[in-house]
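Participant: everything below, folded, please.
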Amino acid sequence: MSQTVAGILVSALEQIGVRHIFGLIGDSLNPLADVVRRSKIEWVGVRHEEGAAQAAAGQAKITGTLAVCAGTTGPGSNHLVAGLYEAARDHAPVLALSGDMPRKLHGTDYIQTTEPDLLFRDVSLYTETISTAAQAPAVIHQAIAAAYAGPGVAHLTLPQDVIAAKAQGTVPSIPTLKPRSEVTASEARIAELARRIEQAGKIVMMCGAGCRGSVDLLCALSDRLKAPLIHTVKGKDLLPYDDPRWMGGLGMIGTRPVYNAVMRCDLLLMIGTDYPYSNFLPTKSTVIQIDERPQVLGRRVLTALGVAGSVRPTLKQLLGRVSQKTDTEFWDEVADERRKWDAMLNKQADIKRSDHQIHPQAVARAVSDLARSDAIFVLDTGLNTLWSANWIRQTGTQRIIGSFNNAAVGTALGQANGIQALDRSRQVIALTGDGGFNMLMGEFLTAVHHNLPVKVIIYNNSSLGLITLEAESVGLVPFREAIDFPNPDFAALARACGGHGYMAKRPWELMAAVVEALSIDGPAIVDATVISNEMPNLPHVDLEMIGHFGLAKIKEAVLAVTGG
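Facilitator: Numbering: from 1, shown residues only. So this is what the prediction gives:
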């Protein structure tokens with residue numbers, strides 16, 4: 001029995017386990033929607049197509065399996081692009097579907113005309129128009145395979161008349177459409193890796209997102225080598241914050257003890273990470289990198305050995321080849337520095353630190369302390385990322401998701417909606433600055449509409465805080481007219497949308513607001529007014545940057561007096 005092209009597509013998505021399509025309906029998508037409404041797939045209607053792409057990206061990041069978003073002809077699908085970079089940059093498998101006008105109207109400069117395959121080319125690993133019904137099964141297979149192979153974004157353009165047409169057959173070879181398998185490193189590389197480890201004294205193991213599923217092996221190797229474990233921000237949630245091996249992060253979202261350890265070690269093992277900030281990586285230590293992606297080996301820092309292999313099989317082979325080390329002096333130094341750093345963080349996050357003002361660190365710590373042990377934190381981009389990522393004390397069973405490679409502002413709420421759709425009983429918490437929330441605040445309506453009980457914590461300082469820091473770091477006076485802005489009452493906005501809203505303007509209001517929001521059934525917003533001029537901890541500041549900050553502050557003081 002023949003199906004329409006839309007039916008073949010939806011059937012394939014059902015078979016590989018897709019549970020949702022995030023999108024905004026439109027005329028060119030009607031044949032698709034007609035099939036979806038009769039399928040097991042839930043259509044999640046968003047308020048903006050970028051929110052659909054963000055939701056799909058968040059879902060794909062957390063599961064590693066294909067997520068789907070859709071937009072209609074022209075402007076509708078164009079809006080997907082910005083959100084799709086989230087999946088592309090974080091290597092998450094997403095299939096984007098663009099509705100398109102019937103083929104007879106192509107080439108006539110018809111209303112809403114675009115060339116989707118050109119537009120989506122940069123963000124997609126694969127982009128193709130399904131031009132005939134006969135072509136559809138093979139092209140659908142190719143698109144899904146490409147999304148998994150990257151992993152990343154694949155894109156299909158769907159002319160309305162084509163997806164409504166009857167087609168023979170089904171998508172072939174469905175069992176092959178799955179996440180890619182682990183890669184085993186060569187025996188020669190493993191042997192060389194073990195030899196270099198045996199020769200090294202002070203070793204640091206840097207753990208990235210590629211280490212997920214390998215925590216037991218990381219801990220075993222750390223214990224054997226007396227090597228502190230440090231992490232990238234994408235790897236922060238791998239182990240509990242208080243695990244004695246887990247010394248902290250590297251970089252702006254990190255600690256000074258970790259930076260010092262990296263600079264003092266003899267050997268840095270970069271495991272499952274393509275950490276991009278070369279200024280925080282050592283120039284005098286030996287660096288070895290383990291990653292299943294050969295193209296990332298050695299591109300961030302001078303690297304003595306690159307091992308192309310997935311983390312778990314590589315560490316399994318390695319553990320049997322390295323001997324127990326007994327010297328704990330380096331470990332003890334790093335651990336002692338870490339304890340002192342933690343004590344400083346505790347003081348900065350103390351809710352009683354100020355009588356009448358809320359410090360942003362206190363917001364992050366309150367949310368962290370009150371969240372469920374399996375909560376998922378979704379972080380937005382900006383100065384708020386530093387507060388959240390540095391002060392959340394994860395349990396090891398929680399997850400932390402963010403725009404860590406794309407670094408896009410306004411991504412937290414959309415991603416949180418996609419993640420929440422997977423399990424409406426699991427606690428999903430979006431932490432965002434006011435600037436980021438303002439960008440796609442309509443997606444809170446998506447959460448209310450589809451009963452997605454996302455909790456949104458807003459650091460409200462009425463400004464783009466990170467822009468201030470970036471300007472001052474190069475000696476410039478922040479452009480206040482462009483940086484500062486008025487905000488609505490976000491708690492009232494939440495209630496107007498049909499959700500729950502809570503306001504915290506003073507320290508004594510913060511805990512009650514967070515407790516209420518996290519315990520209430522349904523979507524909720526906490527509008528936390530925080531100090532706007534709070535400086536983050538800078539684990540590594542050189543003399544030039546100190547000079548720039550000083551110069552900027554002097555200029556700001558002069559302008560305050562002169563009005564110039």
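Participant: which residue is nearest the middle of this protein?
Facilitator: The residue lying closest to the centre of the chain (C-alpha atoms, centre = their mean) is Gly402, at 2.6 Å.
Participant: so who does that residue touch?
Facilitator: Residues near Gly402 by C-beta atoms under 8 Å, 6 or more residues apart in numbering: 233, 378-381, 385, 389, 411-412. For glycine as for every other residue, the C-beta is placed from the backbone atoms N, C-alpha and C.
Participant: surely Leu302 meets Thr283?
Facilitator: Yes. Between Leu302 and Thr283 there is a contact at 7.3 Å, judged by C-beta atoms under 8 Å.
Participant: neighbour-wise, which of the two wins?
Facilitator: Comparing Leu302 with Thr283 by neighbour count (other C-beta atoms under 10 Å), the higher total belongs to Leu302, at 13 against 10.
Participant: any idea how far the nearest residue to the more buried one once chain neighbours are set aside lies from Gly309?
Facilitator: Counting by C-beta to C-beta, 6 or more residues apart in numbering, Val287 is the residue found nearest to Leu302 once chain neighbours are left out, at 6.7 Å. For Val287, the distance to Gly309 equals 17 Å [C-beta to C-beta, to the nearest Å].
Participant: just His141 next, same as before
Facilitator: To Gly309, His141 is 28 Å away according to C-beta to C-beta.
Participant: the nearest residue to Leu305 once chain neighbours are set aside: neighbour count?
Facilitator: Nearest non-adjacent residue to Leu305, counting by C-beta to C-beta, 6+ apart: Ile288, 4.5 Å away. When neighbours are counted by other C-beta under 10 Å, Ile288 registers 23.
Participant: pLDDT wise, what is the nearest residue to Val233 once chain neighbours are set aside at?
Facilitator: Nearest non-adjacent residue to Val233, counting by C-beta to C-beta, 6+ apart: Ile253, 4.6 Å away. According to the prediction, Ile253 has pLDDT 91.
Participant: and if you look at Cys211?
Facilitator: Here the pLDDT value assigned to Cys211 is 98.
Participant: does it touch Ile271 like I think?
Facilitator: Yes. Counting by C-beta under 8 Å, Ile271 is a contact partner of Cys211 at 5.8 Å.
Participant: do you know the pLDDT at Val477?
Facilitator: For Val477, the model assigns a pLDDT of 71.
Participant: that one and Gly17: what is the separation?
Facilitator: Val477 sits 53 Å away from Gly17, going by C-beta to C-beta.
Participant: more neighbours: the two, which one.
Facilitator: Val477 (17 against 11).
Participant: what secondary structure does the more buried one sit in?
Facilitator: coil (DSSP: H, G, I helix; E, B strand; the rest coil).
Participant: show me where the stretch 1-150 of the chain has its strands.
Facilitator: 3-4, 20-23, 42-45, 67-71, 94-100, 126-129 (DSSP state E, counting those that start in this stretch).
Participant: let's have those strands in a markdown table, adding distance to Ala524 and mean pLDDT.
Facilitator: Formatted as a markdown table, those follow (distance: least, C-beta to C-beta, whole Å; pLDDT from 0 to 100):
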| stretch | distance to Ala524 | mean pLDDT |
| --- | --- | --- |
| strand 3-4 | 41 | 94 |
| strand 20-23 | 21 | 98 |
| strand 42-45 | 19 | 98 |
| strand 67-71 | 25 | 98 |
| strand 94-100 | 28 | 96 |
| strand 126-129 | 38 | 97 |
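Participant: would you mind giving the ones you listed as TSV with mean neighbour count and distance to Ala57 added?
Facilitator: As requested, the strands of the stretch 1-150 of the chain are exported to TSV (neighbours: other C-beta atoms under 10 Å; distance: least, C-beta to C-beta, whole Å):
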stretch	mean neighbour count	distance to Ala57
strand 3-4	19	28
strand 20-23	28	10
strand 42-45	17	14
strand 67-71	30	7
strand 94-100	30	6
strand 126-129	20	17
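Participant: Cys497 is nearest to which of the ones you listed?
Facilitator: Closest approach to Cys497 among the strands of the stretch 1-150 of the chain is made by strand 42-45 (14.8 Å; C-beta to C-beta).
Participant: show me what the closest one is packed up against.
Facilitator: Counting contacts by 3 or more C-beta pairs under 8 Å, 6 or more residues apart in numbering; DSSP states H and E, strand 42-45 packs against strand 20-23, helix 412-422, helix 443-449.
Participant: next, format the ones you listed as JSON lines and append distance to Pro240.
Facilitator: Listed next are those as JSON lines, based on distance: least, C-beta to C-beta, whole Å:
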{"stretch": "strand 20-23", "distance to Pro240": "31"}
{"stretch": "helix 412-422", "distance to Pro240": "21"}
{"stretch": "helix 443-449", "distance to Pro240": "29"}
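Participant: which residues does Pro294 contact?
Facilitator: So Pro294 contacts 306, 308 (C-beta under 8 Å, 6+ apart).
Participant: and it, what pLDDT?
Facilitator: Note on Pro294: pLDDT of 96.
Participant: what ranges does the stretch 451-564 of the chain have for its helices?
Facilitator: 465-473, 480-483, 490-496, 507-519, 543-562 (DSSP state H, counting those that start in this stretch).
Participant: can you list the buried residues in the fourth one?
Facilitator: The neighbour-count criterion (16 or more other C-beta atoms under 10 Å) identifies 507, 509-510, 513-514, 517-518 as the buried residues of helix 507-519.
Participant: which residues touch it?
Facilitator: Identification of contacts with helix 507-519 by C-beta under 8 Å, 6+ apart yields 351-358, 362-363, 366-367, 370-372, 427, 429, 455, 457, 500, 502-504, 524-526, 528.
Participant: give the buried residues for stretch 323-333.
Facilitator: For stretch 323-333, the neighbour count (16+ other C-beta under 10 Å) marks 325, 330-331, 333 as buried.
Participant: please apply the same query to stretch 289-304.
Facilitator: By 16+ other C-beta under 10 Å, the buried positions in stretch 289-304 come out as 289-292, 296-298, 300-301, 303.
Participant: swap in stretch 143-150?
Facilitator: With burial defined by 16+ other C-beta under 10 Å, the residues of stretch 143-150 counted as buried are 143-148, 150.
Participant: repeat for stretch 112-132
Facilitator: Buried-residue list, stretch 112-132, by 16+ other C-beta under 10 Å: 112, 114, 116-117, 119-120, 123-130.
Participant: turn those residues into a markdown table, columns for distance to Met263.
Facilitator: What follows is the buried residues of stretch 112-132, written out as a markdown table (distance: C-beta to C-beta, whole Å):
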| residue | distance to Met263 |
| --- | --- |
| Gln112 | 55 |
| Thr114 | 50 |
| Pro116 | 48 |
| Asp117 | 48 |
| Leu119 | 44 |
| Phe120 | 42 |
| Val123 | 37 |
| Ser124 | 40 |
| Leu125 | 37 |
| Tyr126 | 42 |
| Thr127 | 44 |
| Glu128 | 48 |
| Thr129 | 52 |
| Ile130 | 54 |
